[in-house]
Structures are given as structure tokens and as C-alpha cells.
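Student: Below is the sequence, then the predicted model.
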Amino acid sequence: MKFVDEAKVYVKAGHGGPGCVSFRREKFVPKGGPDGGDGGRGGDVIFRATRSHHTLLDLKYRQHLYAANGGRGGGNNRTGRSAEDMIVDVPVGTVFRNFETGDALADLTSEGQIFIAAKGGIGGKGNAHFKTSTHQTPRFAQEGMEGDEYTLVLELKLLADVGLIGFPNAGKSTFISRVSAARPKIADYPFTTLVPHLGVVKIGDAPDFVIADIPGLIEGAHEGQGMGIQFLRHVERTAVLLHLIDVSDEARENAWKNYTAINRELALYNPGLAEKPQIVAINKIDLPHVRAIAKKAVAQFSKKGIMLHPFSAATGEGLQTIMEKIITLLQNADTFKA
């Protein structure tokens, strides 16, 4: 399935049904009074969060959503039929914004949570409401009210406890496949990962946590270079960042430069991202030249007050220490309690 994390939709709630103009017609009651009923309520457009959906792809091909109109009122004071609401399922983690103003309207972060995007119009009053002592036979009724209509922008922000960040080919997909049941595509070239991947991790007696492999971070990502701006939003919800550094390529042997470049992109996109708790790890120490570089990098980072964790996602060496550090940070985070 194609991963789509943004969509624009037009929503239109149903009109309220018109009131009825009617008069009693009974035997031996030649001049019965007005008995026109009210119109029914128009349907709402409601979005509902569900974990069974993982993408906004459906709304790429369904960009106009119309709820049904309310029914016309009837004689004998019968109220018109209220229309059924239109319920549209979206993935948990969907954010709604007004297209015109950019204002945030709702953020659906839990299963079954709903957002009433457009309220249906109320039904018009029937002529029975307009009888007075001086006007016994009103021959008019109200039209139903218009339903709300808006253009909305929907953004999907993945819900994960840990976000995996780093330049392409840093070993993020190998890492997530090593510690969870997720099986992303893995190959030795940049941008193998074209969509975010989620994996559920279980270690000992600690609570499960979700880790997300965020693709596409390169220098200039905050300006749209590579695929960065498309996926940086998925880092915003994470409690902890795991920053993987790859120095196996001669062009990226400077671990500190790699580290600062990625953090610069995070800060330029959203200053709060660079302030998140971050575990920094240098991958691929199963390669002899990387192990040598890592030893020097550990000392360099230590002088700057940052602990650098050498490890190998391929062999598992050093992985246990990183996972224990993740659990400790999650247990201390407001969004994750053991």
C-alpha cells in the first residue's frame, strides 16, 4: 500500500430539512389549525481515528465529502427524518487544519476519538409554530439551515515513542528489523527507506514501546531537500530520538559533523525537536576501519559532554546498552511510564 501522510478535503454537512405547511383536515373540523411539522436535522461530517488505517491514501481519491440533507417535515406535526452522519475513518495520529487560516482544529491521538468537522443544519420550523391569536392560518414555514462547509488539510503524524534519525544508509532499517518484528526494505544505498516504518519492541519486563524509522534526512531537509520535510513531522510526537551515525563512507568519516548537521536540520524545522532527549550511537563497528574511527569519536564526543555509543546493528554488538538507555529515558518521559 502506498504511504500518504497528507490530504486536502472539502467537507459539507447536510442542510436541515424544510418545515411543512399543513392544516388539520378532520371530519367535523372544517377549519382545522396549522399542523405542519419541523424539518429533520442535516447530517454531520465526522472523522474517527482507527488503528486499522495506516495512511491517508483513501482521501487522495475522495476529496469531496457530503453528508445527507434532513427530511421535509410532514402534516399532523410530523418531524422530518434526521439524516445519518457521514463517518470517515482516518489513522490514529491525524491532525486537522483549516486550509484557509492554517489554524489547528483537532488532533486524533487515540482509538475511536472523533472530530466533528462540519455540523449539519437544523431543520426549519413548520407552520404550527407560527399560529398566533391574530394569525390563525399561517401559510409559511422555515427553510432548513445550511450545513457547515470547510476545506481541511489532514496531516498524519505517526505515534511512536522512539524516533530513529540519521543520514540515509546509517543502518536505521537494519536496527529496527533487529530489535522488532518490522521488516523494512534494506539495501546498501541511500533512500532505501521511502516511507516510515514502525516496530514494536519488547525487552524483558519493561513495557512495550514503538520505534519509528524516519527516512529522508539530509542537509537541507527542512527546506524540502531529499524527502526530509515530508517526514520530519513524524519526529514531533516521539519522546526520545535515537541518532545513528554512519562513518563507513569516506565522505562522512567526521562523526561530529554528521551529528551537528542532522541536529541543525531538526532545529530549523522545529526548535523543539533538537531539545528532545537524544541517544547518539555510531553504527557498523563490525567494520575494522569504523571501529577505529569510533574509538576516536567517543573521546571527541565525551569532551563535549555527549555519550557516544558504538554498536553494530548487523551483529548486535553494543545493542543491549542502547536498548537499556532507551528504556531508562522512556520511563522518565512524561509520555511513557513503566
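Tutor: Sure thing, it's come through. Residues are numbered from 1 along each chain as shown.

Student: can you list the residues that contact stretch 67-75?
Tutor: 12-20, 22-23, 35-45, 79-86, 118, 120-121, 123-124, 126, 141, 144, 147 (Cβ atoms under 8 Å, 6 or more residues apart in numbering). (Each C-beta comes from the backbone N, C-alpha and C, glycine too.)

Student: what's the first-to-last distance across that stretch?
Tutor: One end of stretch 67-75 to the other measures 26 Å (Cα to Cα, to the nearest Å).

Student: go on, stretch 62-77?
Tutor: 39 Å.

Student: Same check on stretch 268-286?
Tutor: Termini of stretch 268-286 sit 34 Å apart (Cα to Cα).

Student: and what of stretch 122-135?
Tutor: End-to-end for stretch 122-135, by Cα to Cα: 25 Å.

Student: Contacts for it, please.
Tutor: By Cβ under 8 Å, 6+ apart, stretch 122-135 touches 16-22, 33-42, 70, 73, 77, 79-80, 82, 137-145.

Student: and Ala274, what does it touch?
Tutor: Asn263, Leu266, Ala267.

Student: now, which of those sits nearest Ile293?
Tutor: Asn263 (19.6 Å; Cβ to Cβ).

Student: Quick check: chain neighbours aside, which residue is closest to the closest one?
Tutor: Using Cβ to Cβ, 6 or more residues apart in numbering and skipping the chain neighbours, the partner closest in space to Asn263 is Ala274 (5.2 Å).

Student: Quick check: the one you found is in a strand.
Tutor: No: counting by DSSP: H, G, I helix; E, B strand; the rest coil, Ala274 is not part of a strand but helix.

Student: Tell me how far it lies from Lys303.
Tutor: 20 Å (Cβ to Cβ, to the nearest Å).

Student: Near the closest residue to Asp148 other than its chain neighbours, how many other residues are there?
Tutor: In space, and not counting its chain neighbours, Asp148 is closest to Ala118: 3.9 Å by Cβ to Cβ, 6+ apart. Ala118 has 23 neighbours, counted by other Cβ atoms under 10 Å.

Student: Out of the contacts of Ala274, which sit inside helices?
Tutor: Per DSSP state H, helices hold the following members of the contacts of Ala274: Asn263, Leu266, Ala267.

Student: Show me which of those are buried.
Tutor: Asn263, Leu266 (16 or more other Cβ atoms under 10 Å).

Student: Kindly reformat the ones in helices among the contacts of Ala274 as JSON lines containing distance to Ala294 and pLDDT.
Tutor: Listed next are those as JSON lines, based on distance: Cβ to Cβ, whole Å; pLDDT from 0 to 100:
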{"residue": "Asn263", "distance to Ala294": "19", "pLDDT": "89"}
{"residue": "Leu266", "distance to Ala294": "23", "pLDDT": "85"}
{"residue": "Ala267", "distance to Ala294": "25", "pLDDT": "87"}
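
Student: between the ones in helices among the contacts of Ala274, which is closest to Phe28?
Tutor: Leu266 (83.2 Å).

Student: low-confidence ranges in the stretch 201-338 of the chain?
Tutor: Along the stretch 201-338 of the chain, the parts satisfying pLDDT under 70 run over 215-231, 251, 334-338.

Student: one step back: would you check how far apart the residue nearest to Asn263 and Asp38 are?
Tutor: 57 Å.

Student: buried sites along stretch 54-72?
Tutor: Neighbour count says stretch 54-72 has His54, Thr55, Leu56, Leu59, Leu65, Tyr66, Ala67, Ala68, Asn69, Gly70, Gly71, Arg72 buried, by 16+ other Cβ under 10 Å.

Student: what's the span of that stretch, first residue to last?
Tutor: End to end - Cα to Cα - stretch 54-72 spans 40 Å.

Student: Could you tell me how far that stretch lies from the centre of the chain?
Tutor: 18 Å (Cα atoms, centre = their mean, to the nearest Å).

Student: go on, stretch 134-150?
Tutor: For stretch 134-150 - counting by Cα atoms, centre = their mean - the centre lies 40 Å from the chain centre.

Student: Then stretch 289-303?
Tutor: 38 Å.
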